[in-house]
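Student: Provided below are the primary sequence and the corresponding predicted coordinates.
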Protein chains: 2
Amino acid sequence: MNARSPNKRQFLDRPRILDVAISFADAHGVEDMTMRKIAGELNCGAMSLYNHVANKEELLTDMLDAVVGKIDTPDIEGDWKIAMRASAQSANRVLLNHHWAVGEWNLRMPGPNRTRYMESILAALTQAKLNDAIIYRGYHAITMHIVGFSQQQIGYQKMLGPNFHEIAEGFLSELGGNYPYLAYHVRAHLDEPEECDEFLFVLDLILDGLERAAQCS
Amino acid sequence: MNARSPNKRQFLDRPRILDVAISFADAHGVEDMTMRKIAGELNCGAMSLYNHVANKEELLTDMLDAVVGKIDTPDIEGDWKIAMRASAQSANRVLLNHHWAVGEWNLRMPGPNRTRYMESILAALTQAKLNDAIIYRGYHAITMHIVGFSQQQIGYQKMLGPNFHEIAEGFLSELGGNYPYLAYHVRAHLDEPEECDEFLFVLDLILDGLERAAQCS
DNA sequence: ACCTGAACACCGTTCAAGT
DNA sequence: ACCTGAACACCGTTCAAGT
């Protein structure tokens, strides 16, 4: 009669597996995520998962698409740059919350959520009355920035870990007297209070540049 | 007396292991790279590798650093934007030649080559007489673009594979009538002859934006 | 229809034994 | 000092058997 009893139906279904897998990857990283461990958290045998999911690849593809589904789509009304900023910031927030997702983004074919997401970005750029060439390049530039910058942020977080200061200081002393510019840069990292506006700073570089390029042509 | 003979010294050393590992990852991807397979290509037992390398993690860290060592550093003389463009293009070329490297870039602490590379970028930005805040943000923007854009290019290449057209057409017919903007974008991909200047287009957006931001402040 | 244990073909790495 | 096979604790997944 308890949770581990074989007769107690576990309501094992696709969404529940997806939820548990995402939570596990959030907590321990996707490289530690194992079919056996997911099954363990669901109190079922590892092979039971395969009644609902073709294989681990498919599970990961669906996990990514579920995460993409959480991103706020740009509002088609009003100023396109403001809408794009809001959506990009939402994407950045979501990706930081699921730090494994950024590594899967460019490896997998888009699922339904990502397809919708792509369409919404392209729709917003078209709405902005940019010409075709700028929309084409702009789409790549914007999505590149969203996942690339998030990945860089996450990468630094992972490399430095919770004992941030200690590792950075260690790296600094390894540098010795050489590499003065790098030492200066690392020290700036240690002093900096907030990084969140840096994502938007670079995004604006791109958005403003696109607008300017469109006016020139 | 042949290569597989145990008495024939294999000159098994760190650089040789690194070379073979990089070639293997280039050919089959890092996810298929195995200590046992590397050993196989070196005609030695899997455990022999551990006499020269602490573990697979360390090997991957060194592989990435070796790849970074191939990137042309920006020339400190002359126009900073031209120098940065040349170096970024070199990085893009190197990363496309070692498509696994881009996934490791943000996961590992910099080795000696990457340390030198970071220093050279920061030196070039300082040489450009940009102010401290712009150098700080600009460094992140430029490196983000170099690895982020390369990763996006590689990701599309991997997803679509050699039978590029076929898969894209399949995706298009899956889209059906919905997602008109996305369908248009995918068709533009199919028509486009060259993508190599798109990397520079976005880089210039960033470089010009940095210069403009520096003048404003 | 759904679940599952045993088994297979792999991993990275430890260890004790070889030379 | 360098090499290595056996072994350990894992993987993802197949398959045949259960309900």
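Tutor: Nice, thanks for sending it over.
Student: now stretch A:208-217: buried residues?
Tutor: By neighbour count on 16 or more other Cβ atoms under 10 Å in any protein chain shown, the buried set for stretch A:208-217 is A:Asp208, A:Gly209, A:Leu210, A:Glu211, A:Ala213, A:Ala214. Heads up, the C-betas are built off the backbone N, CA and C, glycines and all.
Student: which ones among the residues you listed are found in helices?
Tutor: The helices, defined by DSSP state H, take in A:Asp208, A:Gly209, A:Leu210, A:Glu211, A:Ala213, A:Ala214 from the buried residues of stretch A:208-217.
Student: ok, of those, which one's closest to A:Val53?
Tutor: A:Leu210 (40.1 Å; Cβ to Cβ).
Student: how about the ones in helices among the buried residues of stretch A:208-217 in TSV, adding pLDDT and distance to B:Asp72?
Tutor: Output for those, formatted as TSV (pLDDT from 0 to 100; distance: Cβ to Cβ, whole Å):
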residue	pLDDT	distance to B:Asp72
A:Asp208	98	29
A:Gly209	98	25
A:Leu210	98	28
A:Glu211	97	32
A:Ala213	95	27
A:Ala214	93	32
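Student: rewinding a little: restrict the buried residues of stretch A:208-217 to those near DNA strand C?
Tutor: By Cβ under 7 Å from any atom of the strand, no member of those lies near DNA strand C.
Student: check contacts around the closest residue to chain B within chain A.
Tutor: Relative to chain B, the nearest point of chain A is A:Gly148 (2.0 Å; Cβ to the nearest Cβ). Residues near A:Gly148 by Cβ atoms under 8 Å, 6 or more residues apart in numbering or on different chains: B:Met144, B:His145, B:Val147, B:Gly148, B:Phe149, B:Gln151, B:Gln152.
Student: from B:Ile206, how far off is the fifth one?
Tutor: Translated: B:Phe149. B:Phe149 sits 10 Å away from B:Ile206, going by Cβ to Cβ, to the nearest Å.
Student: equivalent analysis for the last one, please.
Tutor: Using Cβ to Cβ, B:Gln152 is found at 15 Å from B:Ile206.
Student: what do you get for the second one?
Tutor: Between B:His145 and B:Ile206 the distance is 6 Å, computed by Cβ to Cβ.
Student: between the two, which one's more packed in?
Tutor: Applying other Cβ atoms under 10 Å in any protein chain shown to B:His145 and B:Ile206 shows that B:His145 carries more neighbours, namely 27 against 22.
Student: stretch A:115-127 near chain B at all?
Tutor: Yes. Using Cβ under 8 Å from any Cβ of the partner chain, stretch A:115-127 reaches chain B at A:Thr115, A:Arg116, A:Met118, A:Glu119, A:Leu122, A:Ala123, A:Thr126.
Student: residues in contact with that stretch?
Tutor: Contact with stretch A:115-127 is made by A:68, A:71, A:73-74, A:76, A:80, A:83-84, A:87, A:110, A:134-135, A:138-139, A:142-143, B:175, B:178-179, B:181-182, B:184-185, as judged by Cβ under 8 Å, 6+ apart.
Student: distance between it and the chain's centre?
Tutor: Relative to its chain's centre, stretch A:115-127 lies at 18 Å (Cα atoms, centre = their mean, to the nearest Å).
Student: for it, what is the average pLDDT?
Tutor: Averaging pLDDT along stretch A:115-127 yields 98.
Student: buried ones in it?
Tutor: By 16+ other Cβ under 10 Å, the buried positions in stretch A:115-127 come out as A:115-127.
Student: which ones among those map onto strands?
Tutor: Using DSSP state E, no member of the buried residues of stretch A:115-127 falls in strands.
Student: any idea which element A:His140 lies in?
Tutor: A:His140 is part of helix A:132-160 when elements are defined by DSSP states H and E.
Student: what's the angle between that helix and helix B:132-160?
Tutor: Angle of helix A:132-160 versus helix B:132-160, following axes from the mean of the first three to the mean of the last three Cα atoms, to 10 degrees, is 100 degrees.
Student: C-terminal to helix A:132-160, what's the next element?
Tutor: Counting by DSSP H and E, the element after helix A:132-160 in chain order, helix or strand, is helix A:164-175.
Student: which residue ranges form the helices in chain A?
Tutor: Ranges of helices in chain A, per DSSP H, are A:14-28, A:35-41, A:56-68, A:80-97, A:101-105, A:112-127, A:132-160, A:164-175, A:180-191, A:196-216.
Student: highest mean neighbour count out of those helices?
Tutor: Using mean count of other Cβ atoms under 10 Å in any protein chain shown, the stretch among the helices of chain A with the greatest mean number of neighbours is helix A:101-105 (a mean of 22).
Student: quick one on the thing from earlier: export the buried residues of stretch A:208-217 to JSON lines and tack on distance to A:Trp100?
Tutor: Output for these, formatted as JSON lines (distance: Cβ to Cβ, whole Å):
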{"residue": "A:Asp208", "distance to A:Trp100": "32"}
{"residue": "A:Gly209", "distance to A:Trp100": "31"}
{"residue": "A:Leu210", "distance to A:Trp100": "30"}
{"residue": "A:Glu211", "distance to A:Trp100": "34"}
{"residue": "A:Ala213", "distance to A:Trp100": "35"}
{"residue": "A:Ala214", "distance to A:Trp100": "36"}
